[in-house]
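Engineer: Return a 3D structure for these sequence lines:
(one chain, ligands or ions: 1)
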Amino acid sequence: MSDLLKQLDAVLESRKRESDAENSYVASLHRKGLNKILEKVGEEATEVILAAKDAERGGDKKAMIAETADLWFHSLVMLSHLGADSQDVLNELARRFGLSGLEEKASRTKD
Ligand SMILES: N=c1c2ncn([C@@H]3O[C@H](COP(=O)(O)OP(=O)(O)OP(=O)(O)O)[C@@H](O)[C@H]3O)c2ncn1[C@@H]1O[C@H](COP(=O)(O)O)[C@@H](O)[C@H]1O
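Structural biologist: Predicted coordinates for the structure are as follows:
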């Protein structure tokens, strides 16, 4: 699983140097800049919400999964645009692993 993320990170990184935005969607996003990338992240997040609500009503889970993949993908493009990658996010999730969200929240509100 994280092998695929590593490979995708490498492709996304190489697309930053790709001059041919005509033939690469990722290169075209980098060319358009951060605002366009963020617009796509926002759009995909909304689509995830709509697909999840539809799945809850008995709709197709495949659509929810496909929209989540779109959101993950565009989030990876955002990270790459700003010099971060999936490993940074995995490291943060690993740091949190086993730490209850409720405990973490309580530790924040103590002081
Ligand atoms: N995983 C993806 C991926 N997921 C989604 N998309 C593209 O994201 C785009 C936006 O999705 P939308 O549903 O919003 O489609 P749209 O309405 O056409 O979008 P807009 O016109 O509004 O931008 C579509 O063109 C999808 O094909 C992706 N494009 C690329 N990748 C990966 O990135 C690699 C590099 O891609 P290129 O840079 O295009 O070679 C590929 O080999 C893939 O591994």
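
Engineer: distance of residue 77 from residue 70?
Structural biologist: 11 Å (Cβ to Cβ, to the nearest Å). Quick note: C-beta positions are derived from backbone N, CA and C, even for glycine.

Engineer: neighbour-wise, which of the two wins?
Structural biologist: Between residue 77 and residue 70, counted using other Cβ atoms under 10 Å, residue 77 has the larger neighbour count: 22 against 18.

Engineer: Which residues lie in contact with the more buried one in this structure?
Structural biologist: Contacts for residue 77 (Cβ atoms under 8 Å, 6 or more residues apart in numbering) come out as 12, 26, 29-30, 37, 40.

Engineer: Dihedrals phi and psi, it?
Structural biologist: Dihedral angles of residue 77 (phi, psi; degrees, to the nearest 10) stand at phi -60, psi -40.

Engineer: How about residue 102?
Structural biologist: With angles defined as degrees, to the nearest 10, residue 102 sits at phi -70, psi -40.

Engineer: so is residue 71 in a helix, a strand, or just coil?
Structural biologist: helix (DSSP: H, G, I helix; E, B strand; the rest coil).

Engineer: before we move on, what about residue 84?
Structural biologist: coil.

Engineer: buried ones in the longest helix along the chain?
Structural biologist: Assignment by DSSP state H gives helix 34-56 as the longest helix of the chain. Under the neighbour-count criterion of 16 or more other Cβ atoms under 10 Å, helix 34-56 has 37, 40-41, 44, 47-48, 51, 55 buried.

Engineer: still on that earlier bit, closest one of the contacts of residue 77 to the ligand?
Structural biologist: In terms of Cβ to the nearest ligand atom, no member of those lies closer to the ligand than residue 26, at 3.3 Å.
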